[in-house]
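Colleague: output the structure for:
(chains A and B)
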Amino acid sequence: MIGMLAAALILAAAAPPTPNSCAALRLHGQVSQAQACYQTLAQSDDLYLQAEGDWGLGQYDAANTAFRAAVARNDGNPLYRVRWGRLLQERFNDTDAAALFQEALARDPADADAYLGLALVSADGFDGKALEYTHHALTLNPHLAEAQTLLATLELEDSDPVAAARAADAALASDPDALDAMAIHASIDVLATPNTAVPSPWLARIAAVNPHYGRAQEIIADQLVLHRRYEEALAYYRKATELDPQLWSAHSALGIDQMRLGQDAAPELELAYNNGYRDIATVNTLRLLDSNKNFDYIHDQTPNGAITLKLDKKESALLAPYFERITARALAAYSAKYGMTLPGPVQIDAYPNHDDFAVRSIGLPGLGALGVTFGEVVAMDSPSARPPGDFNWADTLWHELDHVYVLTATQHLVPRWFAEGLAVHEETEANPEWGDRITPDVLVAISAKKLLPVASLDQGFMHPTYPNQVIVSYYQAGRICDFIEKKLGAAKLVEMVHDFAQPTTTSAVINQALSLTPLAFDTEFNTWLAQDLGPVPGNFNQWRIQLKALAAAAEAKADAGEIIRLGEAVRALYPDYIYDANAYGFLAAAYAARNDTAHVISTLTDYQDRGGREPALLLQLAALEPAPAAAATLERINYIYPMVADNHRRLGDLDLQLNRNQEAVLEFNSVLALHPLDKAGAEYDLARAYYANHQLDQAKDHVIESLVAAHDFRPAQDLLAEIMKK
Amino acid sequence: MKRLACLLLLLAAPVLHAQTYFVTVAGLGGESDYTQRFNANAQALDKLFRQSGPSARVTTLIGADATRAKLSQTLDQIAAAARPDNDFVLILIGHGTFDGVEYKFNLLGPDISAGDLAALCNKIPSRRQLIVDTSSASGGAATALAHPGRGLILATKSGTEKNATVFARYLVAALQDPSADLDKNQAISAEEAFQYAQRHTADFYTSQQRLATEHPISNDDKLLASLTLVRFGAAQQQYADPAKRALLAQKEDLERKIDALNYQRDAMSDSDFKTQVTALLLELTKVQKELDQ
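Modeller: Numbering: from 1, shown residues only, chains lettered A, B, ... in the order given. Model (predicted):
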């Protein structure tokens, strides 16, 4: 090894500089020699060498200009386009980079480096084509070490350390100095041994080649982040920046990871930004940090742990009581279930702007998720971040809090499919109305036999290969946990959590905990699922046709009898369809047109029981129900979209009718928190709730506020007189 | 001071202005959904105004009546009949257009421009007028309709907000919802109706996660606060009863004191404020009880 290194350096010193020889010097930590090498290239008359030299010197604009000129002068040379594309990919312009790689392939369809470029772009976006492009590159050039290293990276992201190690070995066979492949080996070691003080031997091998190779630590940290081990990642990012203080990507990633964990992220992000590292994630995260002043931090203590809520000032007074209530319930339930208390407070950040939540989570807008857990920090959409009925925020919070426990219990070693499956399962355990019902996407995937084997289910989350595969994977993972509970009891799921607290694989846990091979498990699960779903997957096409007919009939204002006939048929084919244009809405309207209140109630109760969450339909139901049921329905709406003052007012009135005075106080406080126009009315309502709850001082305060706003308000005048008599 | 001024106007208004002329127009819908919606809103207003008492003179133009000729004829008739102390309220529900220069309200047959509408309203001798234009692009009519003594409520802030509006829906709701009566005086003023409709319109777009395509505006909150659109309860009778004038004066004095105390609130301790305001409020309650007998 040392001999090879020496030979390379001697060669590099003796021969005229080339891009490869300069890169070799840099790889081996010969910083000043590499700099001199790139200087020489930059002064070359050859435009391509000039571009490589400028790039090596960090003069990206000059390099870009030189590549453009080189390509213009030699249009047929795919190498120039590939290298230009790599520059753009490195400098955060994946779109133009991909176009250049495609143009290179148009000139040479067998250009392995161009396929590698496409694979890198796809890997940046976590799309399923990264693997395909990588394999294509390796088919064309089986000794392309960088492609083998990328393959190792992708395999490890999919939680397959065996395949990752195999690919890393192949990279090292092609290039014994492939430091990134060594870093993958080190990552495999680190991922397998949580919080170990013993460093991976691969780190020593890397240091022997280049003691300042911070990128290796950054690669390990990236893998830790992808495996949700955010705390450990911090240490590796820090080490990366210590070894190579100018590794701006690591400074940025360190800052973003600090933000995930609720730490001060600004210094690292600003350092990266001020040194030209201005990718979208860095810029967005810095912007988001600027908005922190708009949030309130609310601290609370429950019997099962401390809570910190980070809520937008505009909605914190409204949301805090409800978030505290659900969090306290979840902490109690999970502490009992998993037999543990959390080591520190749970922080919940709720963002009224979905893109802020997305940036908070991944540094980029466009995240499809509703919530993300980082250790003991949960970031999620606020109820106001999405249209009414789009999601049940309490359900989302319950889901994420399961992650907090399971990640802590397993030291973050749990595979993604089990963590997600268990959290989905727990939603429905907590409340049968919670949890997403089977969607058309999932039915189509089941019919097309696209469910993944349990042993490779993580791929469905990490590198989906078809649209909505992530949603299908959530559903499958949740149903797997349902199946295990039905077959072997809830304790088995907890046992599996403990099994995953050790470095292991899904296959090993399935074998050990369930006494089944993964293949046999898949067979049993698929049989059970088919029985559980009954005829619904087979009904899907018929349902789709009949739903269209129902919608058309409603549009054409067909008579109620016809709508009911069509609607009941549609509902019977796929009763769990509670999403857009569902049969329940059409049926409720048709029964209402016939003044058939009993059927309106039964239809909408069925809708509600199946998790229907369209507030308009639930309000229609609440208006027809007797007081206790109506109050329960309005409470459900609070967990879906609590942003409407009138709903709180109605619930407060019902609570007072039902002598639930403390609940009435909460609801009328919510009305005030929404800054109603009718301040006098809202203050009066709160006063009478306090009065009913025997809190006379508070009642007096609020009735005074009511009368200060509206002196003529007779009911408030009467209440004040009554309070003063006591 | 502004609130005190509003209060005085509010108290004075019912005595001074015995009659109010209401004209509501449901413009051309173009599509059946819009037509139904416009007509339903206009019919609801017609009912509300007629129920609000014998002093209301109500004209509602819907369907075949919603033409430029009929509207002009109606406004001419009011110009001939109204006295300066009669209030005049015109409410337009429908679609509007704005070509960058001129706003037009869409009617069956020829449309009517803001300039023509203004000319017709200028002939009406009422010193206090209100024009509520709930149509798309109605902000484009602001300049042409502006006139001393005329309050304006427009569904859009400019002529460039051209999408169909939801403002009318909430304006009607304001007159039906007791919670729009912010000062609890058993009457809903134009200002209260505007605030209610403005808030609910904004809430509509927020809750639907849609970019708001209408931003309602008004021009004179004092005038709007003094213009009562609907009344309910006993308030109207009290103001007309000479036997109760002394009590009304006493009530007005107490209300002034409460407002004055509230303005000094930040300079007082919380307990001082509560003690003093409670005493005044209890006294006011006693006076109110006598008035209500």
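Colleague: what is the helix ranked longest in chain B packed up against?
Modeller: Ranked by residue count and defined by DSSP state H, the top helix of chain B is helix B:270-292. Applying 3 or more CB pairs under 8 Å, 6 or more residues apart in numbering or on different chains; DSSP states H and E, one finds that helix B:270-292 contacts helix A:696-709, helix A:714-725, helix B:245-263. C-beta here means a position set from N, CA and C on the backbone, and glycine is covered the same way.
Colleague: buried ones in that helix?
Modeller: B:Phe273, B:Gln276, B:Val277, B:Thr278, B:Leu280, B:Leu281, B:Glu283, B:Leu284, B:Thr285, B:Val287, B:Gln288, B:Leu291 (16 or more other CB atoms under 10 Å in any protein chain shown).
Colleague: can you get me a residue count around the nearest residue to the fourth one once chain neighbours are set aside?
Modeller: On the basis of CB to CB, 6 or more residues apart in numbering or on different chains, the spatially nearest residue to B:Thr278 that is not a chain neighbour turns out to be A:Ile704, at 6.3 Å. By other CB atoms under 10 Å in any protein chain shown, 20 other residues sit near A:Ile704.
Colleague: next one: A:Asp244
Modeller: Neighbour tally, A:Asp244, other CB under 10 Å: 20.
Colleague: among the helices and strands packed on helix B:270-292, which is nearest A:Phe521?
Modeller: Across these, A:Phe521 has its closest neighbour in helix A:696-709 (58.0 Å, CB to CB).
Colleague: okay, the closest residue to A:Leu100 other than its chain neighbours: pLDDT?
Modeller: Using CB to CB, 6+ apart and skipping residues adjacent in sequence, the residue nearest A:Leu100 is A:Gly85, 3.5 Å away. What the model reports as pLDDT for A:Gly85 is 97.
Colleague: count the neighbours of A:Gly85 for me.
Modeller: 28.
Colleague: distance of it from chain B?
Modeller: Note on A:Gly85: its distance to chain B, by CB to the nearest CB, to the nearest Å, is 37 Å.
Colleague: hang on, that residue packs against A:Thr95?
Modeller: No. Counting by CB atoms under 8 Å, A:Gly85 stays clear of A:Thr95, with 10.7 Å between them.
Colleague: so which bits of the stretch 101-250 of chain B are right by chain A?
Modeller: Contacts of the stretch 101-250 of chain B with chain A, taken as CB under 8 Å from any CB of the partner chain, map to B:179-186, B:195-196, B:199, B:203, B:206-209, B:235.
Colleague: select only the buried ones of these in ChimeraX?
Modeller: Of those, the buried ones can be selected in ChimeraX as follows, counting by 16+ other CB under 10 Å:
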select /B:179,180,181,182,183,184,185,186,195,196,199,203,207,235
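Colleague: low-confidence regions, the chain specifically.
Modeller: This is for chain A. A:1-14, A:361-368 (pLDDT under 70).
Colleague: let's do chain B instead
Modeller: Counting by pLDDT under 70, the ranges of chain B that qualify are B:1-18, B:234-240.
Colleague: break it into its domains for me.
Modeller: Each domain of chain B is listed here as a residue range: B:2-235, B:242-292, per automatic domain parsing.
Colleague: now those as CSV including distance to A:Leu150?
Modeller: As requested, the domains of chain B are arranged in CSV below (distance: least, CB to CB, whole Å):
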stretch, distance to A:Leu150
domain B:2-235, 39
domain B:242-292, 65
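Colleague: comparing the ones you listed, which comes out most buried?
Modeller: Each of these was scored by mean neighbour count; the highest is domain B:2-235, a mean of 19, by mean count of other CB atoms under 10 Å in any protein chain shown.
Colleague: relative to the whole chain's centre, how far out is that domain?
Modeller: Taking CA atoms, centre = their mean, to the nearest Å, one finds domain B:2-235 lying 7 Å from the centre of the chain it belongs to.
Colleague: again, but for stretch A:36-51
Modeller: 44 Å.
Colleague: and it, what's buried?
Modeller: A:Cys37, A:Tyr38, A:Leu41, A:Ala42, A:Ser44, A:Leu47, A:Tyr48, A:Leu49, A:Gln50, A:Ala51.
Colleague: ok, whichever residue of the stretch 451-600 of chain A sits closest to chain B - contacts?
Modeller: Nearest to chain B, among the residues of the stretch 451-600 of chain A, is A:Lys557, at 10.2 Å (CB to the nearest CB). A:Lys557 is in contact with no residue at all, counting by CB atoms under 8 Å, 6 or more residues apart in numbering or on different chains.
Colleague: look at it and give its secondary structure.
Modeller: Three-state call for A:Lys557 (DSSP: H, G, I helix; E, B strand; the rest coil): coil.
Colleague: same deal with the one 5 residues further on?
Modeller: Three-state call for A:Glu562 (three-state DSSP): helix.
Colleague: please name the nearest non-neighbouring residue to it.
Modeller: A:Ala553 (5.8 Å).
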